[in-house]
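Participant: Please work out how this folds:
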Amino acid sequence: MGTGERNQEAHVPEGTTGETSGAAAAPRTAASAPRTLAEALRTRPDESLAALLRARPDLLSPVPGDLTQLATRAGTRASVVRALERLDKFALQTAQALAVAPDPAPYDAVRALLAGDDGDAAVVEALPGALATLREQALVWGGDDRLRLVRTARELLAPSPTHPSPTGLGPTVAEATAGMSPGRIQEILQAAGLPATHDPVSAVAALTSLFTDRKRMAELLDTAPTEALTVLDRLVWGPPYGEVSADPPPPVRWLRDHGLLLPASARTLVLPREVALHLRAGRAHRTTEPVPPAVAPLREYRAQVVDATAAGQAFTALTTVEDLLAEWNEGGPAVLRAGGLSVRDLKRTATALDTTEPVAAFWLELAYAAGLLASDGEADERYAPTPEYDDWLELPPAERWARLAVAWLGATRTAGLVGDQDAKGRTLAALGPDLDRSPAPEVRHRVLTLLTTLPEATSPEPESLLARLRWERPARSGPDDLRSRLAQWTLSEAELLGVTGRGALTTHGRALLAPAAGAAEREALGLRAAAALAPHLPEPVDHVLLQADLTAVAPGPLRRPLAAMLGVLADIESKGGATVYRFTAGSVRRALDAGQTAADLQAFLTDHSRTPVPQPLSYLIDDVARRHGHLRVGAASAYVRCDDEAMLSEILADRRSQPLRLRRLAPTVLATTAEPAALLDGLRSMGYAPAAESAEGDVLIARADSRRTPRRTAPVPVPDGPPLPDETLLDAAVRAIRAGDTAATVVRKEPEAARADGSLPRTSSAETLATVQAAAMTGSALWIGYVNAEGTASQRVIAPVRVEGGFVTAYDHTADEVRTYPLHRITGVAELADDPA
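Facilitator: This is a model prediction of the structure:
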């Protein structure tokens, strides 16, 4: 019988797995109740252990050797804090109630703390599920008659003077009177109308009994001054501490004398927990939230309107990213020494994109997350498009959008932080190293998933959405917490990217969502979203409309070769439903510098215009082409060569040429110390159309060549804790833990002295061989000590199958597989005790 089978046959006490409510669960006897968390875990089935490891993946790093190690690791402070941070509001309130309840606490006591004296029906209904969650995550163990919060969680959540409880409750009467003199306690008993006792313990018990008795407590408060009740009202919901003078006013003195306020220090009084619970009608929290708040709808649209609006924004997102990277096509801004983009360059980028700086930062971070933009790694490091950008441009528009959307969903880069300051007061820069926030992908997925709970094509009320997120992760929430900011940024970024339209989730946005998707699954989801988006995107056109005012109108998105050529030949003047291009002498010269001739340009416009080429445009092309290349610029440092001596004399006489420091070397040659590029720019600013030439005298064609970084991978998201384990890993981990636990807890036939120190069994070689051979014949299991080739000692439980040639082949219960061991590495063997059953 395998280890897992034996464990599943073990008795599982009621209430341990949280599958029965407090009303239905029968109390467990003291004999069957687990005494430790490890014993409670030992009674769980394999599915429950897998659920624990799935909910708390940090427990798997590395895989525990047995259930005792698993319980120890589950009780460490770091692991418990991480688990508490992932609880929803009501589960966390249940844990907080357990922290102020007696230890152990019966189910009814916890229910009373949460539901109050009036027994809130919603709380009563939700409590079994909250306890099941806490049990599943090994934060609570024991039956419903003895519920125990793990010690670390109790230390984190229980009230103390330095760490107030989230419930606002103070210490118990027993805790508050721990250092009080017996005579003072007797005085309190007398003032409260209770008989004197013989010892402080019984006195504290009598006072506690009074404060927890609703009827007697109400009678005592009826005798209190009105001002004293006002003081209690100020303390009842916390904080429970108040400072007093050496001579307190009469209402405070009355409360102190009757034990309703107890001294916490020389100048501080505290409201005992039992008194506060009476005043609260038994509730541990002012507001208990057993049910998650619903996401409220804001406005409903037609689905076609939402998808069409989002598709238009998706197309705008594509053109914006293309414009951004085209702007940096020949090399972008320099990288700051500390990494990232300077504030000045961000402003320039925002101006070029005709948007605000925060939105420009979002497009930059999106391109970076998608692997389309990176630093070039040169000595004079600058940003530039990556080779992947060229591959991306060749994809259909819908697939290009899907690449961006998938990258955005999984990225930990957070553009909304740009402009904020870090802990050292330094401004966070776009594309900088400090913008990763691990919760970002989970929050984005959760926000979009919550949108799916609304009717189709319905936008959410933002505040209700934030309230739901705060309920789901209250430990990570605050007045200005990161999760709420991430959610707000998600809503605005989803609208910019076209995942939502008018605030409502789109059809292609829904196609992107899937829980815990890996790289292959994300790519498949992206293709599915692209297929949903494609019908809503405008079809690219292959023509423009030329107009007499030297402009061309593109009635829609242009096909890529046409857009690329037109981008060289003309400047974009405006965008919108239609893009307007303007032809200028500079833009025509740019096309000529790229190797085109006047005839090529005329033919291009004729082929791609639905209207005749206007005469002014034709004249402009011919005029610029006639003057283009008349002057030649080369490297001397730089020189100007021209067959027309009069033109060179004209240039020398022009005051605008003085910064170039030109001098005549020959009748047809001018020279300067300036660089050729600076000389070309200077002559062009004077109205000339020079052409660059090589050392051989050939015209250099200045194509709109691009600067590309070396091959780069997209930035890897920073995980929020350990990765979620897959089912294969969970199954293997549970089997290994079960097997290790069997080896650690098995009963052995050996001397008591050997068992006491946990040392490896020691037997002679002859005894080892004889015992192993006998076990192989009888099919019984043995406990062995084994030292591997690296010298690491371990204990194992094996069932020998065959012994020959100095080796034993056996089923290893610890590893849950058949293995072969050299006999000379076995330090000793011991038989297992008979099963008492």
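Participant: the strands in the stretch 251-400 of the chain, which residues?
Facilitator: Read by DSSP state E, counting those that start in this stretch, the stretch 251-400 of the chain holds these strands, from start to end of the chain: 262-265, 268-270, 297-300, 373-375, 383-385.
Participant: and the fourth one, what does it pack onto?
Facilitator: Packed against strand 373-375, as judged by 3 or more CB pairs under 8 Å, 6 or more residues apart in numbering; DSSP states H and E, are the following elements: helix 357-369, strand 383-385. Bear in mind the C-beta positions are built from the backbone N, C-alpha and C, glycine included.
Participant: Least reliable of the ones you listed by average pLDDT, please.
Facilitator: Here these differ in mean pLDDT, and the lowest is strand 383-385 at a mean of 92.
Participant: what sits up against it?
Facilitator: 325, 328-329, 331-333, 335, 341, 372-376, 431, 706-709 (CB atoms under 8 Å, 6 or more residues apart in numbering).
Participant: how far does that strand sit from the chain's center?
Facilitator: Once both centres are worked out by CA atoms, centre = their mean, to the nearest Å, strand 383-385 turns out to sit 27 Å from its chain's centre.
Participant: now the angle between helix 357-369 and the helix or strand hosting residue 402, please.
Facilitator: Per DSSP states H and E: residue 402 is located in helix 397-410. Between the axes of helix 397-410 and helix 357-369, defined by axes from the mean of the first three to the mean of the last three CA atoms, to 10 degrees, the angle is 100 degrees.
Participant: which other helices and strands contact helix 397-410?
Facilitator: Counting by 3+ CB pairs under 8 Å, 6+ apart, the packing neighbours recorded for helix 397-410 are helix 303-327, helix 357-369, helix 387-393, helix 440-451, helix 482-497, helix 519-533.
Participant: Residue 795: which of the helices and strands packed on strand 373-375 is closest?
Facilitator: Residue 795 lies closest to helix 357-369 among these, at 49.4 Å (CB to CB).
Participant: Longest strand in this protein, by number of residues?
Facilitator: Criterion DSSP state E: the longest strand present in the chain is strand 793-804.
Participant: distance between it and the chain's centre?
Facilitator: For strand 793-804, the gap between its own C-alpha mean and the chain's C-alpha mean amounts to 46 Å (CA atoms, centre = their mean).
Participant: Which residues does it contact?
Facilitator: Outside strand 793-804, the residues that touch it by CB under 8 Å, 6+ apart are 742-744, 746, 760, 769, 772-773, 775-776, 779-788, 808-815, 818-819, 821, 823, 827, 832.
Participant: Please confirm that residue 809 is located within a helix.
Facilitator: No - under the criterion used here (DSSP: H, G, I helix; E, B strand; the rest coil), residue 809 is strand, not part of a helix.
Participant: Quick check: residue 572 is in a strand.
Facilitator: Yes - assignment of residue 572 by three-state DSSP places it within a strand.
Participant: From the structure, what's the count of residues near residue 258?
Facilitator: Neighbourhood size, residue 258 [other CB atoms under 10 Å]: 22.
Participant: for the stretch 451-600 of the chain, which spans come out with low pLDDT?
Facilitator: 477-480, 515-519 (pLDDT under 70).
Participant: these two touch, right, residue 665 and residue 671?
Facilitator: Yes - Residue 665 sits in contact with residue 671 when judged by CB atoms under 8 Å, with a separation of 4.9 Å.
Participant: which residues are common contacts for those two?
Facilitator: Taking CB under 8 Å, 6+ apart as the criterion, residue 665 and residue 671 both touch residue 639.
Participant: Stretch 572-591 spans what distance, first to last residue?
Facilitator: Distances were taken as CA to CA, to the nearest Å; on that basis the terminal residues of stretch 572-591 are 15 Å apart.
Participant: Which residue, other than its chain neighbours, is closest to residue 61?
Facilitator: Taking CB to CB, 6 or more residues apart in numbering, and ignoring the residues beside it in sequence, residue 61 has residue 722 as its nearest neighbour in space, at 5.5 Å.
Participant: Pull the number of nearby residues for that neighbour.
Facilitator: For residue 722, the neighbour count with other CB under 10 Å is 13.
Participant: The one 4 residues further on now?
Facilitator: For residue 726, the neighbour count with other CB under 10 Å is 11.
Participant: Local confidence estimate at it?
Facilitator: Reading off the confidence values, residue 726 has pLDDT 84.
Participant: Neighbour count for residue 665 and residue 671, which is higher?
Facilitator: In this view residue 665 and residue 671 are compared by other CB under 10 Å, and residue 671 has more residues nearby, 19 against 13.
Participant: need the contact list for that one.
Facilitator: Residues 636, 637, 638, 639, 640, 662, 663, 664, 665 are the ones in contact with residue 671 under the rule CB under 8 Å, 6+ apart.
Participant: Need the winner for burial among the helices and strands packed on helix 397-410.
Facilitator: Mean neighbour counts were taken over those using mean count of other CB atoms under 10 Å, and the top value, a mean of 23, falls to helix 357-369.
Participant: which other residues reach stretch 293-305?
Facilitator: Outside stretch 293-305, the residues within contact range by CB under 8 Å, 6+ apart are 450-451, 453-462, 464-465, 467-468, 471, 501-504, 507.
Participant: Try it again at 6 Å.
Facilitator: Residues outside stretch 293-305 that contact it (CB atoms under 6 Å, 6 or more residues apart in numbering): 450, 453-454, 456-461, 464-465, 467-468, 471, 502, 504.
Participant: Do I have it right that the residue nearest to residue 61 meets residue 59?
Facilitator: No - counting by CB atoms under 6 Å, residue 722 does not reach residue 59; the two are 8.8 Å apart.
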